[in-house]
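[1] Let's see this in three dimensions:
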Amino acid sequence: MTHPLKILIVAAEATPFIKTGGLADVAQALPGALHRQGHDVRLALPCYGSIPASLKGTQRGTLFVNLDGTTQYGAWRETRLPDVDVPVYLIENDHYFWRDHPYSVNGYEYVDNLDRFCFFSRGVLDAVAQTGWRPDVVHGNDWHTAPLITYLNTHLANHTFWRGMPTVYTIHNLGYQGCYPKNLLPRTGLGWDLFHPDCLEFYGELNLMKGAIAFATKINTVSRTYAREIQTPAYGLGLDGFLRTRKKDLTGIKNGIDYSLWNPQTDPHITANYSPDKLAGKQRCKRAVQDLADLPHRKDVPLFAIVTRLVWEKGIDLIVEAMDSFLRKGAQLVALGSGDPHLEVALETAGARWPDQVSVILGYDEPLAHSIYAGADFFIMPSRSEPCGLTQMYSLAYGAIPIVRRTGGLADTVTDLTPANLAKGLATGLVFRPATAEALTRATHRALRLYEDLKTLTAMRRAGMREDLSWERASAEYVALYNDAIDATKKRYAATVDPAKW
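    Just a heads-up that it's a prediction; the model follows:
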């Protein structure tokens, strides 16, 4: 093992404290994996009002945060990640964080989100300094922690405690950059000298993520393909040119899944446990899902599944257009999720038209999601953009063959069924490229043919279930990235900092 590191991970959400998406799973699983490797890792989160009291721990100190010339007060609490001996610092301010949802109300972003996450960023740095525990590297995630990276390199660049701190900044989704009108810049506490095209200025607006990209020692995204994609106009969302200026410091690390939670051999949420070598239980799980979804038992037809946010980016409209084609062949479909009301209605309309073949369950239920992965024969994920994706990895682990579009993390985690890949034992899914209903239809027809070939179907299921999708693999890559950031910072400060202090 490499020399143990002290690592501070900062995020806006983490399971089981608060979860709205995959970031929460990453922020829970990565610290645990790093801890198991012997590293001293700590996590910082906002102290949302919706966090259960049993998880909030003990209040340790008071915060003094000066952003716009006035001092704001808060507190910090210390608790632990359940079942893992990882300290968690919760940044407390009821005015900012005592709300039902972490980011929005009725689908609309809170008008003070800029203030909230700037307070959070400065609050984290104040709280950690109070502990006296100085990390070797600080790891920020997405736009909510972007101000923290900027503060470390501006206001705190010569701070006794924080001077010369290496940073890693992870972009989980470039679609959310923290953009605000430029007249709000003073509320961040940052100066107008940073408002230029090489830092915070973005087509006349303030862009928090752009500042973090400018200042972070190392930058990564959550898959190698997505790291390449965001440097192109098609996926860069206006930042592709700026990201290319940091190309040498930008890499991709594929997320992992937590096998203690997502493992069909031990999962308590599914009807029967099973393994790559003993797949009989999967058929029992299929019958159970058909019962839950009020679909007739049909062993002779494939069960397709969707577990996702029902939004355009996930390609749900493509499924709506393509589904009649495979439903006419007798296949079944179960969908779990919520999102765009128009897409929800479209799926429900299909369910009314095909009552014995389609079941739509709006909302999200974690145990039900486990049951669907376990019972499904195929998992449809035609995303237009997918930085990494976790659901296709869950489907691989549970032997549900993924049908995916070749983009982002989907391209990095699913190997297409071709004669060469099959001969090498590498084929794990069905991959298509154009984001069209026609291309998805062709992929589902391939699935129908595959379902008739039990030998190949079983081989692919086993190959997917045996893939190493663990956080142990991913966390080792993060450790290498942390060390790269530390080494780069040492070189930068070599002339002014005694190396023995590192």
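
[2] Show me what counts as buried in the biggest helix by length in the chain.
    In the chain, taking DSSP state H as the definition, the longest helix is helix 471-493. By neighbour count on 16 or more other C-beta atoms under 10 Å, the buried set for helix 471-493 is 471, 474-476, 478-479, 481-486, 489, 493. Glycine gets a C-beta too; all of them are placed from N, C-alpha and C.

[3] and if you look at stretch 431-444?
    431-432, 435-437, 440-444.

[4] Likewise for stretch 267-281?
    Within stretch 267-281, the residues scored as buried using 16+ other C-beta under 10 Å are 267, 270-275, 281.

[5] Restricted to helices, list those residues.
    Gly281.

[6] ok, back up a step: and the longest helix of the chain, what other elements does it pack with?
    Counting contacts by 3 or more C-beta pairs under 8 Å, 6 or more residues apart in numbering; DSSP states H and E, helix 471-493 packs against helix 22-36, strand 137-141, strand 167-171, strand 218-221.

[7] elements contacting the first one?
    Here helix 22-36 is seen to pack against strand 6-10, strand 40-46, strand 137-141, helix 471-493 when contacts are counted using 3+ C-beta pairs under 8 Å, 6+ apart.

[8] Between these, which one is closest to Arg405.
    Nearest to Arg405, of all these, is helix 471-493, at 22.5 Å by C-beta to C-beta.

[9] which residues in the stretch 351-500 of the chain form strands?
    Applying DSSP state E, counting those that start in this stretch to the stretch 351-500 of the chain gives strands spanning 358-362, 378-381, 401-405, 430-432.

[10] Those: which one's closest to Ile51?
    Across the strands of the stretch 351-500 of the chain, closest to Ile51 is strand 358-362 (C-beta to C-beta), at 25.6 Å.

[11] quick one: strands adjacent to that closest one?
    strand 332-337 (parallel) (DSSP bridges).

[12] Buried residues in the strand it pairs with, which are they?
    332-337.

[13] cool, stretch 107-127 as well?
    Under 16+ other C-beta under 10 Å, the buried positions of stretch 107-127 are 113-127.

[14] picking up where we left off before, how about CSV for the helices and strands packed on helix 22-36, with mean pLDDT and distance to Asp100 added?
    Formatted as CSV, the helices and strands packed on helix 22-36 follow (pLDDT from 0 to 100; distance: least, C-beta to C-beta, whole Å):
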stretch, mean pLDDT, distance to Asp100
strand 6-10, 98, 23
strand 40-46, 98, 14
strand 137-141, 98, 22
helix 471-493, 94, 30
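
[15] I'd like those laid out as a markdown table, including distance to Gly61.
    Formatted as a markdown table, the helices and strands packed on helix 22-36 follow (distance: least, C-beta to C-beta, whole Å):
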| stretch | distance to Gly61 |
| --- | --- |
| strand 6-10 | 16 |
| strand 40-46 | 13 |
| strand 137-141 | 19 |
| helix 471-493 | 27 |
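
[16] got the helices and strands packed on helix 471-493 as a markdown table, with distance to Ala423 and mean neighbour count columns?
    As requested, the helices and strands packed on helix 471-493 are arranged in a markdown table below (distance: least, C-beta to C-beta, whole Å; neighbours: other C-beta atoms under 10 Å):
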| stretch | distance to Ala423 | mean neighbour count |
| --- | --- | --- |
| helix 22-36 | 33 | 23 |
| strand 137-141 | 40 | 26 |
| strand 167-171 | 37 | 26 |
| strand 218-221 | 32 | 25 |
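
[17] which of those has the lowest average pLDDT?
    Among these, helix 22-36 carries the lowest mean pLDDT, at a mean of 94.

[18] what's in contact with it?
    Around helix 22-36, the neighbours that count as contacts under C-beta atoms under 8 Å, 6 or more residues apart in numbering are 7, 9, 11-19, 41-43, 45, 81, 84-86, 141-142, 172, 222, 255-258, 388-390, 470-472, 474-475, 478-479.

[19] Quick one, which of these are buried?
    7, 9, 11-15, 17-19, 41-43, 45, 81, 84, 86, 141-142, 172, 222, 255-258, 388-390, 470-471, 474-475, 478-479.

[20] Show me the strands in the stretch 1-150 of the chain, by range?
    Under DSSP E, counting those that start in this stretch, the stretch 1-150 of the chain gives strands at 6-10, 40-46, 58-66, 71-80, 87-92, 104-105, 108-109, 137-141.

[21] Pick the most buried one from those.
    Scoring the strands of the stretch 1-150 of the chain by mean neighbour count under mean count of other C-beta atoms under 10 Å gives strand 137-141 as the most buried, with a mean of 26.

[22] Work out the gap between it and the centre of the chain.
    How far strand 137-141 lies from its chain's middle: 15 Å, per C-alpha atoms, centre = their mean, to the nearest Å.

[23] That strand vs strand 40-46, what angle?
    Interaxial angle, strand 137-141 versus strand 40-46 (axes from the mean of the first three to the mean of the last three C-alpha atoms, to 10 degrees): 40 degrees.

[24] Just checking: what are the partner strands of strand 137-141?
    strand 6-10 (parallel), strand 167-171 (parallel).

[25] Minimum distance to Gly69: which of these has it?
    If we rank those by C-beta to C-beta, the stretch that ends up nearest is strand 6-10, at 24.6 Å.

[26] who are the neighbours in contact with Val41?
    Contacts of Val41 by C-beta under 8 Å, 6+ apart are 5-9, 31, 34-35, 86.

[27] Can I get the buried residues of stretch 431-444 in TSV including pLDDT and distance to Gly238?
    Listed next are the buried residues of stretch 431-444 as TSV, based on pLDDT from 0 to 100; distance: C-beta to C-beta, whole Å:
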residue	pLDDT	distance to Gly238
Val431	98	28
Phe432	98	28
Ala435	97	20
Thr436	98	25
Ala437	97	28
Leu440	98	28
Thr441	98	33
Arg442	98	33
Ala443	98	31
Thr444	98	34
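
[28] any chance you could read off phi and psi for Gly38?
    phi 100, psi 10 (degrees, to the nearest 10).

[29] Thought His3 was touching it, still the case?
    No: counting by C-beta atoms under 8 Å, Gly38 does not reach His3; the two are 9.5 Å apart.
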